[in-house]
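Trainee: fold the following and give me the result.
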Amino acid sequence: MTILVIGGTGIVGSFVTARLAEEGLPVRCMSRWQANIESLPDGVEGRIGDLNKPATLRPVFAGVEKVFLITPLSQNETLQGIAAVDAAKAAGVKKLVYMSVPMPPGSSHIPHFRSKVPIEEAVRDSGITHTLLRPNNLFQNDHWCQAAIMLYHTYPQPIGRVGMNRVDARDVADAAVNALLHSEHDGQDYAIHGAVTFTGDDVAAVFGRHLKEDVRYGGDDLDAWTKQAQHMMPAWMVQDLRIMYEYFQQHGLVATDAELARQQQVVGHPPRAFDTYVDEIIPAWRKHLQEGTHYRPT
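Mentor: Model prediction:
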């Protein structure tokens, strides 16, 4: 029962790959880069493949029974996701778990939300048994903010002041593994949230408490955020994320009681706490800051 993880060297995917390997299951991970393949956990098979090049996918999917699919933030995300679904159909895959995004009312104009809609349709139309996961904003997204937090005592992600039930990527991975392994999640669609609603100010306050420093929220000025972000990412990505943050600032991304109760069926435990996450990562960030390296979650 080989399980293929696409996106298995990313944040959520790496946790899924590790969990499956710990269960002693045959796991295969696809990457475009040999260096990523060489860094996989012991016992995990690596295959080179590229969702932008469908011809490379056949040997990757050969002999695979189940797939966990994450599509990257990309201008070609829709085509990449559909290519993966087509390859799964051709290979006779029996179960597909796709990590999409929440789709609250009025969010369909966000480019990388909208790009996932045709992928979801392809999954549903494929005839493959499937589960859809819709995680909130990840705690681990803050790893890209570590320099701003540690050096400048500023939390820069402009998530706004309405609030979001941010979630630990490990909870999403637990949901993915359970959906892959247990049939009661077949055909289901789950939102995955953290238990607490956080504003930008709230997140800054948690970091400040653990650092014993005054950490401030960088604020909701998206013009200022864009000016900074354009030095770190391509223009299309800056515009995509700006539209997303504008939505978050206006509407938030708040879990309902029903979603929180239902998600425990697939996550298998109460949500991990943001306070615990920050307590875990601050020592690692300090260590890497001293070494002049950048910490990545594994």
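
Trainee: only C-alpha atoms from now on, for both contacts and neighbour counts.
Mentor: Will do.

Trainee: count of neighbours near residue 2?
Mentor: 17 (other CA atoms under 10 Å).

Trainee: tell me how far it lies from residue 137.
Mentor: From residue 2 across to residue 137, the span is 30 Å (CA to CA, to the nearest Å).

Trainee: and what of residue 206?
Mentor: Counting by CA to CA - residue 206 and residue 137 are separated by 16 Å.

Trainee: now do residue 194
Mentor: For residue 194 relative to residue 137 (CA to CA), the value is 9 Å.

Trainee: shared neighbours of the two, anything?
Mentor: 165-167 (CA atoms under 8 Å, 6 or more residues apart in numbering).

Trainee: let me know the closest of those to residue 148.
Mentor: Within the shared contacts of residue 194 and residue 137, the smallest distance to residue 148 is 19.5 Å, found for residue 166 (CA to CA).

Trainee: which residues does that closest one contact?
Mentor: The neighbours of residue 166, taking CA under 8 Å, 6+ apart as the test, are 136-139, 193-194, 196-198, 274.

Trainee: if we can go back for a sec, from the shared contacts of residue 194 and residue 137, which ones fall inside helices?
Mentor: Among the shared contacts of residue 194 and residue 137, no member falls in helices (DSSP state H).

Trainee: what's the closest of the residues you listed to residue 16?
Mentor: Lowest distance from residue 16 to these (CA to CA) belongs to residue 167, with 15.3 Å.

Trainee: mind pulling up the pLDDT for that closest one?
Mentor: pLDDT recorded at residue 167 is 98.

Trainee: so after the helix or strand bottoming out on mean pLDDT in the chain, what's the next helix or strand?
Mentor: Here the helix or strand of the chain ranked lowest by mean pLDDT, DSSP states H and E is helix 34-38, holding a mean of 89. Following helix 34-38 in sequence order, the next helix or strand is strand 44-48 (DSSP states H and E).

Trainee: and that next one, what does it pack onto?
Mentor: Where contact means 3 or more CA pairs under 8 Å, 6 or more residues apart in numbering; DSSP states H and E, strand 44-48 is packed against strand 27-31, helix 34-38.

Trainee: and among those, the most buried is which?
Mentor: strand 27-31 (a mean of 24; mean count of other CA atoms under 10 Å).

Trainee: which helices and strands does that strand pack with?
Mentor: strand 2-6, helix 11-22, helix 34-38, strand 44-48.

Trainee: those: which one's closest to residue 223?
Mentor: That would be helix 11-22 among these, by CA to CA, at 28.1 Å.

Trainee: filter the contacts of residue 166 down to the buried ones, PyMOL style.
Mentor: A single PyMOL command selects the buried members of those (16 or more other CA atoms under 10 Å):
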select buried, resi 136+137+138+139+193+194+196+197+198+274
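
Trainee: as a markdown table, the contacts of residue 166 with distance to residue 184 would be great.
Mentor: Converted to a markdown table, the contacts of residue 166 look like this (distance: CA to CA, whole Å):
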| residue | distance to residue 184 |
| --- | --- |
| 136 | 23 |
| 137 | 26 |
| 138 | 25 |
| 139 | 28 |
| 193 | 20 |
| 194 | 22 |
| 196 | 27 |
| 197 | 29 |
| 198 | 31 |
| 274 | 29 |
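
Trainee: looking at the contacts of residue 166, spot the one nearest residue 285.
Mentor: Nearest to residue 285 among the contacts of residue 166 is residue 139, at 14.4 Å by CA to CA.

Trainee: so what's the closest one closest to, chain neighbours aside?
Mentor: Leaving aside its chain neighbours, residue 139 sits nearest to residue 168 (5.2 Å; criterion: CA to CA, 6 or more residues apart in numbering).

Trainee: contact partners for the one you found?
Mentor: 138-140, 194, 271-274, 277.

Trainee: run through the helices of this structure in chain order.
Mentor: Under DSSP H, the chain gives helices at 11-22, 34-38, 58-61, 77-91, 111-114, 117-125, 146-152, 169-181, 200-211, 222-229, 235-251, 257-267, 274-291.

Trainee: that'll do, ta.
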